[in-house]
Structures are given as C-alpha cells and as structure tokens.
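In: I'd like to go over a predicted model; first the sequence, then the structure.
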Amino acid sequence: MKTPRPSARLETLSHLKNLKMARSAHAYVRGSTVQFYEWLHSQPGRRLPKGPAVWICGDCHAGNLGPTGDLKGRTDIHIRDLDQTVIGNPAHDLVRLALSLATAARGSDLPGVATARMLEEMMVGYELAFQEDVEAEPPRPAQVKAGMRNAVQRTWKHLARERIENTRPTIPLGKHFWSLSKPERAALKTLCATPQIHTLVTALKGRSNDDKVQLLDSAYWVKGCSSLGLKRYAVLLGIGEGEDQDYCLIDVKQAIAAAAPRVARAAMPRDNGKRVVEGARFLSPGLGNRMLATRVLDDGFFIRELLPQDMKLELDQLSQTEAMLAAGYLARVVGLAHARQMDMATRLSWITELQSCRSKTLDAPSWLWSSVVQLVASHERGYLEHCRRYALQHR
C-alpha cells in the first residue's frame, strides 16, 4: 500500500475517521466526543449532580476500559485511555459510560428493558466501590475473565503480530504505519536518546538500568478514532544487546487541550502532556507510572510503552445477562478510580447525592435515565446524519 506524504495526511485521516464512525452507532458514539461535551454544557447537562472535584477520565466509554499491565508485571482492568482527563465532576464519567453501554445494548439487539437493567446494575457496581476497600478486587463477569486470560497469556510476539504485523525488529509501512518527514524522524531520534526514555523503558520488570537502549525503527501511526488527525508515532526500541535483546513498542501521542468540562480554578498542569500523565497516575496508577510527558517539534506529547497485556475489552453481541454483569463490573472499576481520591466523608456525601432522585419502579436515579434517553436519541440522529453525509460524498 502506498502511504500518503506527511503533508497530505489530514485528508486521508479525515476520510478514515468518517468511515469508522459510519460503521455502527456504537462506533459513532466513541468517535463523537464533542457532541457529548456539547450536551454537558446544555441545560439538561448542567442539571447533573455536582460531585466532588476529582480526576475523571473525561471520555469514559466502555472501549476506554480494559486490561493494562504495570511495571511489576501485574495485570488488571483499569481506565486505559486518558486523553480527556481533567479534574471535573465524576457524574460526567457515569453518564458517558451509561451512554456507551446503552448503545452497545442496542448494537446487540437487546430490548429497552435490558438498558434499564444495565443502568441499575451500573449504579450498584459504582456505589459498591465506595462501600468497601477501594483496592479490593471486584468479581469479574465471564467475558471480562476471558479478556483477562488472553491478556495475561500474551507475549511480545502477540503484540508484534497485532500491532506491527510481524515479529522482526522493523515497522512495515502500509495501512497502519506511514512514512515520517525528515524533521519528525530527527525529532524522534533525539527523543529516544534522552535519559527520560531510557529510564522509562528499563523500569519494566526484568530489565536493568544498565541495558543499552537502541532506536530500531519509527513511523507515523494511524490508530484510534476520535484522535485521528493528531500526531501519533510508533517507535520500536531494542533493549540490551545480542541474543538477550528485548524489544519494546513505544506509543508517542500528541496531547491537546481537553474538551471535557473541568472544575473552575482546578489546579492542573497547563502542559497537556503533563495533564494526561498526572490524571493517569490518579485514575490508573499502574498505567500512569508507565507514562512520560514530553515535547516533540514544539507540541506536547505523552509516551508509554505498549505491553502485550494492554488490551481493549470486546463487548459486542452481549446477552442480557452478560450486559448487566458487564455494566456493574465496569462501573465498579470507574468507581474505584474515583473513590481512591476521596476521604470517607467525601465518599459518603457523594453516594448520598447519587442515591437521591430514584423512582419507585427503576433503581437507577432519574437524572441518569433521562440523560441516557436524551443522549441516545441525539446520537442516533447524529449517526444517521453522519451516514447520510458519508453516503453522499462517496457515491
């Protein structure tokens, strides 16, 4: 496949993003974060409960949760995408997750009553995270257990075949990887020679601070959906020498200003790369401690080594029972991330606030149900309009 010149990337990336968002309503929800934030600024969005000011994911859809590894070789389910993290209202994460789960239920052709039950289970799971040890291990539904088994069993070869399509120490140009400009290549070479990168990649269990770190290859990375169009690079490094040389794949991703609403006068880093890393260390410490903020070609970036255990949970074609279990489990993961930032008095106050406004027939609070109904309707309308425009442009 002939890759576009660096100066001609944006048009191709815009087409690819529109294509991905047209594939399903769930894909549209994942890629249309701005529409969600616009709703949060609307009158209905401003009626949400006002939670304590903590670090939130900001884009808490189901695809942004999954297995992640830490520096000591352990694997667990965490929030795994923190581009939009801010100090904000934790209710925003709840509504975003609820919208994602409701859309997934529709994609699995589940009845509307299943969505209602999912929201009930979601609130049960979230609230339980505040009633127990915040580091306690929550029970996992079957599909999450399967995802964890796959994650724990994966090796570098699995990661290489999935991400770079082979296990040789090169990045093949094609559909997923494009050529770099000379300034990009030089900047990445300079970056990989810094002590910060050496410290980052040798901190992983089984590696030594004395290991030599060598740049083997690099490319522009075509990855994600809502982030398509940002600068993103894949860097392949060799750790050590000779037969014992280890390989690692580094994700170098541009950090831009978060669109997620933040609490007024919140004390956050002004540099967007540092904001993402700090938010990650509060919400998903095992992941955040593997990340580094830097600047490349005058733009802010955050960097992490991709581990074989870093995976996205697949929640396609769920049964009603599986959907309810998944909703409760994922909401508890988010609850643990929020709760560890609060003292006991703050947790009690927040849960009391969440438990208000419940009806006699639905255990989920009315503000959550009405928010999801409005958002599903507006996103369904937006999705159909997106598909219509895409079809007209590609007759």
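Out: Alright, I've got the coordinates. These figures come from a predicted structure and were not determined experimentally. Residues are numbered from 1 along each chain as shown.

In: hmm, who's touching stretch 173-181?
Out: 1, 3-7, 9, 163-165, 171, 188, 218-223, 233-234 (CB atoms under 8 Å, 6 or more residues apart in numbering). (Glycine included, C-beta is placed from N, CA and C.)

In: what comes up buried for it?
Out: In terms of neighbour count (16 or more other CB atoms under 10 Å), stretch 173-181 has its buried residues at L173, H176, F177, W178, L180.

In: Strands along the stretch 201-350 of the chain, start to end?
Out: Taking DSSP state E, counting those that start in this stretch as the criterion, the stretch 201-350 of the chain contains strands spanning 213-221, 232-239, 246-254, 291-296, 299-306.

In: Shouldn't E380 be within a helix?
Out: Yes: E380 forms part of a helix when assessed by DSSP: H, G, I helix; E, B strand; the rest coil.

In: Please name the residues that touch the residue nearest to it when sequence neighbours are not counted.
Out: Using CB to CB, 6 or more residues apart in numbering and skipping the chain neighbours, the partner closest in space to E380 is A25 (6.3 Å). When contacts are counted by CB under 8 Å, 6+ apart, A25 is found next to T103, R106, G107, H379, E380, Y383.

In: Where does the prediction get shaky in this structure?
Out: Low-confidence segments of the chain, defined by pLDDT under 70, span residues 1-2, 132-168, 314-317, 357-363, 391-395.

In: In it, which residue is most central in space?
Out: Of all residues in the chain, the one closest to the mean position by CA atoms, centre = their mean is D81, 2.3 Å from it.

In: quick one on the thing from earlier: closest one to W55 out of the buried residues of stretch 173-181, please.
Out: Taking CB to CB as the measure, W55 sits nearest to H176 out of these, at 31.0 Å.

In: any idea how far the closest one lies from L216?
Out: To L216, H176 is 17 Å away according to CB to CB, to the nearest Å.

In: Could you pull up phi and psi at the nearest residue to R262 once chain neighbours are set aside?
Out: On the basis of CB to CB, 6+ apart, the spatially nearest residue to R262 that is not a chain neighbour turns out to be V86, at 4.0 Å. Its backbone dihedrals place V86 at phi -150, psi 170, with angles given as degrees, to the nearest 10.

In: give me the beta-bridge partners of V86?
Out: I56 (DSSP bridges).

In: Also C248?
Out: Going by DSSP bridges, C248 is paired in beta bridges with L237.

In: just use 51 as the starting number from now, easier for me
Out: Got it, first residue is 51 now, which makes that one C298.

In: Enumerate every residue touching it.
Out: Neighbour list for C298: V251, L254, L286, L287, I289, E355, L356 [criterion: CB under 8 Å, 6+ apart].

In: coming back round to it: between the contacts of A75, which sits nearest L386?
Out: Taking CB to CB as the measure, T153 is the one of the contacts of A75 closest to L386, at 23.6 Å.

In: so that closest one sits in a helix?
Out: Yes: following the definition three-state DSSP, T153 is counted among the residues of a helix.

In: correct me, but it touches S428?
Out: No: counting by CB atoms under 8 Å, S428 is not a contact partner of T153; they are 11.8 Å apart.

In: In JSON lines: the contacts of A75, plus distance to H65 and neighbour count.
Out: Converted to JSON lines, the contacts of A75 look like this (distance: CB to CB, whole Å; neighbours: other CB atoms under 10 Å):
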{"residue": "T153", "distance to H65": "23", "neighbour count": "26"}
{"residue": "R156", "distance to H65": "26", "neighbour count": "18"}
{"residue": "G157", "distance to H65": "23", "neighbour count": "17"}
{"residue": "H429", "distance to H65": "22", "neighbour count": "22"}
{"residue": "E430", "distance to H65": "23", "neighbour count": "15"}
{"residue": "Y433", "distance to H65": "18", "neighbour count": "22"}
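
In: hmm, back to that, and the strands of the stretch 251-400 of the chain: which comes nearest E177?
Out: strand 341-346 (29.6 Å).
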